[in-house]
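S.K.: Please work out how this folds:
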Amino acid sequence: MSGLRSRIEEAIRINGPMPVSLYMLMCLHDPRDGYYATRPGFNEDFTTAPETSQIFGELVGLWTAHEWLRLGSPEKFWLIELGPGRGAMMVDILRAAGSVKGFNAAAQIALVEASPALRHEQSNVLFDQDILHFDELESVPPGPSIVLANEFLDCFAIRQFMRDGNGWRERQVGFDRDGNLAFGAGPPADLPDAVIPVGDHVEVAPALETLITSLARRFRQNPGRALFLDYGPDDRSPDETLRAYKAGEQVHPLAHPGASDLTADVDFPRLRRICESEGLAVHGPIQQRYFLTRLGACERAEALINANPQRADEIREAVEKLVSPDQMGARFKAIAMTPHGVDAPPGF
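M.R.: Okay, here's the model as predicted:
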């Protein structure tokens, strides 16, 4: 039995069943045995878009450079990435955006990363860059900024609620009759504010509101842009989407505490409502395939193939994975936030 499982079970024996959100936080972020603290599994438990093809990060980089120009090309600005993984996207961003005169010299790179293991990898990959690590967006000093995040919101701990007659109960983690970890229903509970249920199950990420509040405050003080790419439905709130992945396979969320990645769909309708309530203009969400193809994904792929004909099949397959509606193209969405009165950014 893993040390984290033992401590989770001990906590349940002492305090009773815990909400799903606490279970997720312990599994992902426990400093001793949590998933992101000890075993970042990129290309092992899961594969992200920047790890799939350099084209993804390059297009995000050109998008970023374009928005920097529209900000007035500030002499210094914060280039902020939330949850930068192993640093692959930032490498591609800087290579592509570096073609715009003055961009790299102006960019102050801020990586918002909680995982010590991933911070170490990011420092190694970006060894030739001056980077600063922060625990949260709020800690990044003020100034003009462009905030980027890929597959960051899906890692937020969620509360799950189940309809019980005319009321609701919060889903919890406790023990079954055999003493194994199991999901169950807690006592009657009220749904959080601004949640619009569409079925018998509701998922809410409390940290979503905290993040957008911080982002809006930042943009009220200084000019900025934000771009998020993640997965989830764009026409409704997710209902019951908690999943776990280990060694490239989906496993039960309670099977390997701390040793598998836990994830849930992003509530894009709620994200949009929070942004609008904070006075931000919202562009999207739109399917990733539209966003990337409008930015020139297919044209960039052909240019890479012409320069590397021996890798033609590999390049085409990677781009197909990014834009095909049967793969990442439809499930993943792009959404941008700007102050009001700003034209829609490229791709939207």
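S.K.: C-alpha from now on. contacts and neighbour counts both.
M.R.: Fine.
S.K.: since we're on Pro285, how many residues are nearby?
M.R.: 23 (other C-alpha atoms under 10 Å).
S.K.: OK, contacts around it?
M.R.: Asp234, Phe268, Lys333, Ala334, Ile335, Ala336 (C-alpha atoms under 8 Å, 6 or more residues apart in numbering).
S.K.: which one of the residues you listed sits closest to Arg169?
M.R.: Phe268 (23.1 Å; C-alpha to C-alpha).
S.K.: That closest one: neighbouring residues, count only.
M.R.: 23.
S.K.: same question, Glu302
M.R.: 15.
S.K.: Would you mind measuring from it to Ala114?
M.R.: Distance, Glu302 to Ala114, using C-alpha to C-alpha, to the nearest Å: 37 Å.
S.K.: Same question for Glu314.
M.R.: Taking C-alpha to C-alpha, one finds Glu314 at 33 Å from Ala114.
S.K.: more crowded one of the two?
M.R.: Neighbours were counted for Glu314 and for Ala114 using other C-alpha under 10 Å; Ala114 has more, 18 against 13.
S.K.: In this structure that one contacts Asp135, no?
M.R.: Yes - using C-alpha atoms under 8 Å, Ala114 is in contact with Asp135, at 5.5 Å.
S.K.: what packs against the helix or strand of the chain with the lowest mean pLDDT?
M.R.: The least trusted helix or strand in the chain, going by mean pLDDT, DSSP states H and E, turns out to be helix 35-38, with a mean of 83. The elements that helix 35-38 packs onto, with contact taken as 3 or more C-alpha pairs under 8 Å, 6 or more residues apart in numbering; DSSP states H and E, are helix 20-29, helix 116-125.
S.K.: Narrow the contacts of Pro285 to those in strands?
M.R.: Lys333, Ala334, Ile335, Ala336 (DSSP state E).
S.K.: Going through the residues you listed, which ones are buried?
M.R.: Buried members of the ones in strands among the contacts of Pro285, counted by 16 or more other C-alpha atoms under 10 Å: Lys333, Ala334, Ile335, Ala336.
S.K.: what's the distance between the last one and Ala49?
M.R.: Read that as Ala336. The spacing between Ala336 and Ala49, counted by C-alpha to C-alpha, is 18 Å.
S.K.: Where do the helices of this structure begin and end?
M.R.: According to DSSP state H, the chain carries its helices in the segments 3-15, 20-29, 35-38, 49-52, 54-70, 88-97, 103-106, 116-125, 206-221, 268-277, 288-294, 297-307, 312-323.
S.K.: Turn those helices into a markdown table, columns for distance to Trp78.
M.R.: Shown next, in a markdown table, are the helices of the chain (distance: least, C-alpha to C-alpha, whole Å):
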| stretch | distance to Trp78 |
| --- | --- |
| helix 3-15 | 37 |
| helix 20-29 | 26 |
| helix 35-38 | 25 |
| helix 49-52 | 21 |
| helix 54-70 | 10 |
| helix 88-97 | 13 |
| helix 103-106 | 8 |
| helix 116-125 | 17 |
| helix 206-221 | 11 |
| helix 268-277 | 21 |
| helix 288-294 | 24 |
| helix 297-307 | 26 |
| helix 312-323 | 28 |
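S.K.: With respect to Asp343, which of the ones you listed lies nearest?
M.R.: That would be helix 54-70 among the helices of the chain, by C-alpha to C-alpha, at 9.7 Å.
S.K.: you'd agree Val195 is up against Arg270?
M.R.: Yes - using C-alpha under 8 Å, Val195 is in contact with Arg270, at 7.3 Å.
S.K.: Neighbour count for the two, which is higher?
M.R.: Legend: neighbour count by other C-alpha under 10 Å for Val195 and Arg270, higher for Arg270 (21 against 14).
S.K.: got a list of what the more buried one touches?
M.R.: Counting by C-alpha under 8 Å, 6+ apart, Arg270 makes contact with Ala194, Val195, Ser237.
S.K.: ok, so of the residues you listed, who is nearest Ala96?
M.R.: Closest to Ala96, out of all of the contacts of Arg270 and judged by C-alpha to C-alpha, is Ser237, at 34.9 Å.
S.K.: burial count for the closest residue to the closest one other than its chain neighbours?
M.R.: By the measure of C-alpha to C-alpha, 6 or more residues apart in numbering, the closest residue to Ser237 outside its immediate chain neighbours is Asp267, 5.1 Å from it. When neighbours are defined as other C-alpha under 10 Å, Asp267 has 23 of them.
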